[in-house]
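**Q** coordinates for the following, if possible.
(one chain, ligands or ions: 1)
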Amino acid sequence: MSDRMVFDLIDKLNTEHALSRQEWISVIDGYTPEIASYVSEKARYWQQKYYGNKIFVRGLIEMTNYCKNDCYYCGIRRSNRNAERYRLTKDEILACADLGYELGYRTIVLQGGEDPFYKDEDIAAIVTMIKQAHPDCAVTLSLGEREYDTYKLWFDAGADRYLLRHETANHDHYRYLHPEPLSAVHRQQCLRDLKQIGYQAGAGFMVGAPGQTTEHLAEDMLFLKELDPEMVGIGPFLPHHDTPFADEKPGSTEMTIYFLGLLRLMLPKVLLPATTALGTADPLGREKGVQAGANVVMPNLSPTDVRKKYELYDNKICTGDEAAECKNCLANRMRSIGYEVVASRGDHYSVTV
Ligand code: SAH
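**A** Numbering: from 1, shown residues only. Predicted coordinates for the structure are as follows:
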C-alpha cells in the first residue's frame, strides 16, 4: 500500500467516520510520521468544532488497590504479593471529593481494583453522599465488571458515567491477557448493560499490549464503532516488574498518539483523555495527545500516602504531588499548547443535563 492510498483512507475516515477491517489494517500498518501529523490536523478540526480549545478535567480518586482479578499486565493483580494493599474509607473518599470540588473539579472519578470489601450498597451510599454534597458534580465509576442490577443500583444512586475499557475486542487475545474466569464476552456485555442503563460509557484498550497484532487493533476500532461509547480511554501498555509481563516491551507513544487521532476521526464527539500512562511513557505525552485530538485530562486526587501503592505499571507519574500541584501542573501544561482547562462537568457533546 502506497502512502498516497493511506492518505486517501484517512480522508475517507474523516468524511465517513468508518472504515472496513481491511482498511483499518492498511491505516494501522501504514503509519508514518507524515500520515500521523495529517491525522492530528484533521482530528483537531473535530476537537475544535465540538469542544473548542477547552480541556475537561476529572479528579481521579484511586479508592482501593485490592483486586480479586489476576490480569497478567496489571501491577495490582491478586497474585502480586509485593503490592502493599490499601482501601479508603467512606470519609476519606468524601474528603478527597470535597478537595476536588474546592480545586474546581466538577467530575469525580472513583476507580479501583475489584474489591469485594465494598458491598453494592456501600458504593451506592458513597455515590449518593458525593452527589448530595456536590449536586453540580458528575460522578464517574471505574470499578470493573458487575451485573446489570448492580450497575442499575449505582446509576439510580446518582452515578453519571462508567469507565470500563474493553481491553481487547478479540476473544483469543483477551484470554492471552486475562486468566479465567474473566472473559471478553462478559466484559462486552457489561459495556452494553451500562449503555442501556443510561450511563455515559467509556471503553478502550492498551496500545502495544503483549500479543497484540494489527488485526486485533482493527477489531478494536470496529468494536468501538459499533458500541459507540461516549468516552474512549487508551494508553500505551507499560510493564510492571511484579507481573508475568514484566519483560514485555512497552507500547509506543507514537502509535498511541496516532490512535487518539484516529479515534477522534471515527467518533468526532467522543470524550478522549490524554492518559497518565501516555504522560508516563513520554514527558510531553499528554500535550501531544491533546494536539492529536484528546480533550480530557484526569489529575490525581488520591491521598498522597496511597498514590505509590496504586501502581498498575512501573514509574507512574504524579505519585509524589499534592492534588493542587497536579491541578496547576496540568493547567500550565495545557496553557503552554494553547488549551484551557475548564471547570465544568464536561459531559459528552450530545448530553444535555
Ligand atoms: N478494575 C477497573 C479499573 C482498572 S485500572 C476495571 O477493571 O476497569 C484502569 C485501566 O488501566 C485498565 O482498564 C487497563 O487498561 C489499564 N492498565 C492496567 N495495567 C496497565 C499497564 N501495565 N500498562 C498500561 N495500562 C494498564
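
**Q** burial count for whichever residue of the stretch 1-150 of the chain sits closest to the ligand?
**A** Going by Cβ to the nearest ligand atom, the ligand is nearest to Gly144 of the stretch 1-150 of the chain, at 3.5 Å. C-beta here means a position set from N, CA and C on the backbone, and glycine is covered the same way. Here the number of neighbours of Gly144 (other Cβ atoms under 10 Å) works out to 18.

**Q** give me the spatial nearest neighbour of it, chain neighbours excluded.
**A** Glu114 (4.0 Å; Cβ to Cβ, 6 or more residues apart in numbering).

**Q** which parts of the stretch 1-150 of the chain are strands?
**A** Applying DSSP state E, counting those that start in this stretch to the stretch 1-150 of the chain gives strands spanning 54-57, 59-64, 107-112, 138-142.

**Q** circling back to that earlier point, quick one, what contacts the residue of the stretch 1-150 of the chain closest to the ligand?
**A** 69, 112-114, 164 (Cβ atoms under 8 Å, 6 or more residues apart in numbering).

**Q** do Ile35 as well
**A** Ile35 makes contact with 3, 6-7, 10, according to Cβ under 8 Å, 6+ apart.

**Q** try 6 Å this time
**A** Taking Cβ atoms under 6 Å, 6 or more residues apart in numbering, we find Ile35 in contact with Val6.

**Q** quick one, grab the pLDDT at it.
**A** Turning to Ile35, the model gives it a pLDDT of 98.

**Q** again with the one 5 residues further on
**A** Ser40 carries a pLDDT value of 98.

**Q** hang on, isn't it packed against Ala294?
**A** No: under the criterion of Cβ atoms under 6 Å, Ser40 makes no contact with Ala294, lying 10.5 Å away.

**Q** out of the two, which sits in the busier spot?
**A** Comparing Ser40 with Ala294 by other Cβ under 10 Å, the one with more neighbours is Ala294, at 29 against 20.

**Q** before we move on, what SS does the more buried one have?
**A** Assigned with DSSP: H, G, I helix; E, B strand; the rest coil, Ala294 falls in the coil class.

**Q** gap between it and the ligand?
**A** Using Cβ to the nearest ligand atom, to the nearest Å, Ala294 is found at 16 Å from the ligand.

**Q** over to Val306?
**A** Taking Cβ to the nearest ligand atom as the measure, Val306 falls 15 Å from the ligand.

**Q** show me what contacts that residue?
**A** Residues in contact with Val306, defined by Cβ under 6 Å, 6+ apart, are Tyr86.

**Q** does it sit in a helix or strand, and which one?
**A** Here Val306, judged by DSSP states H and E, is contained in helix 304-307.

**Q** and that helix, what's buried?
**A** For helix 304-307, a neighbour-count test (16 or more other Cβ atoms under 10 Å) marks 306-307 as buried.

**Q** do the same with stretch 147-167
**A** Counting neighbours by 16+ other Cβ under 10 Å, one finds that the buried residues in stretch 147-167 are 150-155, 157-167.

**Q** quick one: the biggest strand by length in the chain to strand 138-142, angle?
**A** Counting by DSSP state E, the longest strand found in the chain is strand 200-207. Compare the direction of strand 200-207 with that of strand 138-142 by axes from the mean of the first three to the mean of the last three Cα atoms, to 10 degrees and you get 40 degrees.

**Q** distance between strand 200-207 and the chain's centre?
**A** Remark: strand 200-207 is offset 6 Å from the chain centroid, using Cα atoms, centre = their mean, to the nearest Å.

**Q** thinking again about what came up before, save the contacts of Gly144 as a markdown table, and put in distance to the ligand and pLDDT too.
**A** Shown next, in a markdown table, are these (distance: Cβ to the nearest ligand atom, whole Å; pLDDT from 0 to 100):
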| residue | distance to the ligand | pLDDT |
| --- | --- | --- |
| Asn69 | 7 | 98 |
| Gly112 | 6 | 98 |
| Gly113 | 5 | 98 |
| Glu114 | 5 | 98 |
| Leu164 | 5 | 99 |
